[in-house]
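*Asks:* Here's my sequence, what's the structure:
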Amino acid sequence: MEQADTQLTDLFIIGGGINGCGIARDAAGRGLSVTLAEMNDLASATSSASTKLFHGGLRYLEYFEFRLVREALIERETLLRAMPHISWPMRFVLPYHPDMRFDSETPTSRLLGTFMPWMKGRRPAWLIRLGLFMYDHLGGRKILPGTTSLNLRTSPEGEPLQDRFETAYEYSDCWIEDSRLVVLNARDAEARGAKILVRTKVISAEREDGVWVITLQNVESQETRQVKARMLINAGGPWVGDIIQTKIRMNSREGVRLVRGSHIVTPRLYNHDKCYFFQGEDGRIIFAIPYEQDFTLIGTTDQDHPDPSVPPECTDAEQEYLCAFASKYFKTSVTRDEIVWTYSGVRPLYDDGAQSATAATRDYTLKTDEEGGAPVLNVFGGKITTYRRLAESAMEKVSQHFSDLPGPWTAGVALPGGDFPVGGVDELIRGLMTDYAFLTHDWARRLVRAYGTEAREVLGDAEQISDLGVEFGATLTERELKWLIDKEFARCAQDVVWRRNKLGLRLSDEQVAKVEAWMQNHRH
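*Replies:* Presented below is the predicted three-dimensional model:
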């Protein structure tokens, strides 16, 4: 049965990834009426499959992407202040050895090939130091410490590495819980008046009498309805091109290049909390990152992925590649037998004609089409670190069609649960354990890292564990599940154990099935 929504919304956003939710939050905060539709769960595609880093993109300096790197470096500290529960500083250890190679596609490689042909594509130490100097100073660092050198023969960071590595450079970037970032932006957008529709697919969007008429389908009930909007924003991520061609049906010369990035997770490979930045002899780089207390995350790959309808998977070849790459650095080889989980995401990069997936630009591109009166803004590319700035840039385009809009406002405004100082997590954990004596440290830490100051609202008036209802394992309880359904748009177990948190690493299949059954009973 088709229903019509006679109310006219200012902005209709397609896509519930970080770009869509970030734009929804910014627009709602400026007083626009906003509706966002996501065909699956929030952050169900690219935005939950990143390498989990807020980083400037050190390697992008080799491509002379100075504007992108500067913007990302500035954003690191802006974002840290707004979400100190789901983002935190991390030190990165970059071991040096003479066999490091540039990707032959980079402008830097071509320059060195012309003026220093005897280097044969190797990265000289002085160039790495120059890059790190620029990385330290391009963004006006205030919170994060700068680059230092390490003697790997005597430092703890050298212990898990092969003896051939003697020197390393250590610099700063930040960790981010990517899918929680998306959910918190959606929650804040909703609190400011936006309508967030999950499991809602856009069937078509057509211009009629100067407005957009969008046909929606509820994926669960199969019911359809129509809504109207003054402006459409296509933030469909990997599906941005498909939406242009099959949903909006407009002619566009702009293209998207889909690049698959795959990751593996193993039991913890070393005993400190720093990340390794490994450079390969093929010009590529990977990270090895402390993950969820007991694991190590290794990634990422760069492979073209032509069809967005094909779910991305970490292939056997990619698993072998990542294991072999890491094994060239660690004393103990990393094997596929150790892998406990893999994940893969598709990055929708703007198609700039680069020869390789690695060389394709990570910058974002925003294109407006006003044919037929009702404007549409198509969002290409972007990286999670610059999502807030992308949203501001999108609002600059939007403001051309809505008079008297307020200016930018999101810089430094805390996301839900993030209203406490950077570095204040330990104090929050102590306070939570004092007020809820039944909590273990790991349990309290998990709650604070997920919900920040809202952890108390999740636990409510509980005085003992039994007050939290059914226990599903790994500290997940009925009361937390109710919060995730009522406040955070969760609809099924996968939404919870792989996106709202990563308890899927610790729960058995039977426990996950129990979560699923409880959620379906609760919803109905």
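*Asks:* Could you list which residues are in contact with residue 214?
*Replies:* Neighbouring residues of residue 214 by CB atoms under 8 Å, 6 or more residues apart in numbering: 12, 37, 202, 204-205, 226-229, 232. For every residue, glycine as well, the C-beta is placed using N, CA and C.
*Asks:* Let me know the closest of those residues to residue 160.
*Replies:* Among the contacts of residue 214, residue 37 lies closest to residue 160 (CB to CB), at 46.1 Å.
*Asks:* give me the beta-bridge partners of the closest one?
*Replies:* Bridge pairing for residue 37 (DSSP bridges) gives the partners residue 14, residue 197.
*Asks:* hey, which helix or strand in the chain has the poorest pLDDT?
*Replies:* helix 107-115 (a mean of 62; mean pLDDT, DSSP states H and E).
*Asks:* got a list of what the most centrally placed residue in the chain touches?
*Replies:* For the chain, the residue nearest the mean C-alpha position is residue 178 (3.7 Å; CA atoms, centre = their mean). Neighbouring residues of residue 178 by CB under 8 Å, 6+ apart: 18, 43, 47-50, 52, 384.
*Asks:* So which of those belong to helices?
*Replies:* Within the contacts of residue 178, residues falling in helices by DSSP state H are residue 18.
*Asks:* Turn the contacts of residue 178 into CSV, columns for pLDDT, neighbour count and distance to residue 311.
*Replies:* Converted to CSV, the contacts of residue 178 look like this (pLDDT from 0 to 100; neighbours: other CB atoms under 10 Å; distance: CB to CB, whole Å):
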residue, pLDDT, neighbour count, distance to residue 311
18, 97, 31, 19
43, 97, 27, 15
47, 95, 27, 15
48, 95, 24, 13
49, 95, 24, 11
50, 94, 24, 17
52, 95, 23, 20
384, 92, 25, 20
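*Asks:* now, which of the contacts of residue 178 sits nearest residue 403?
*Replies:* Lowest distance from residue 403 to the contacts of residue 178 (CB to CB) belongs to residue 18, with 28.4 Å.
*Asks:* That closest one and residue 185 touch, don't they?
*Replies:* Yes. The pair residue 18 / residue 185 is scored as a contact, 7.0 Å apart, by CB atoms under 8 Å.
*Asks:* Can you pull out the low-pLDDT segments for this structure?
*Replies:* For the chain, applying pLDDT under 70 flags the ranges 1-6, 59-64, 100-124, 253-254, 352-362, 524.
*Asks:* got the residue ranges for the helices in it?
*Replies:* All helices of the chain, identified by DSSP H, fall at 18-29, 66-82, 107-115, 125-137, 178-191, 240-242, 316-327, 387-398, 425-435, 441-451, 455-459, 478-488, 493-494, 509-523.
*Asks:* and the angle from the fourth one to helix 66-82?
*Replies:* Between the axes of helix 125-137 and helix 66-82, defined by axes from the mean of the first three to the mean of the last three CA atoms, to 10 degrees, the angle is 50 degrees.
*Asks:* which parts of helix 125-137 are buried?
*Replies:* For helix 125-137, a neighbour-count test (16 or more other CB atoms under 10 Å) marks 127-128, 131-132, 134-136 as buried.
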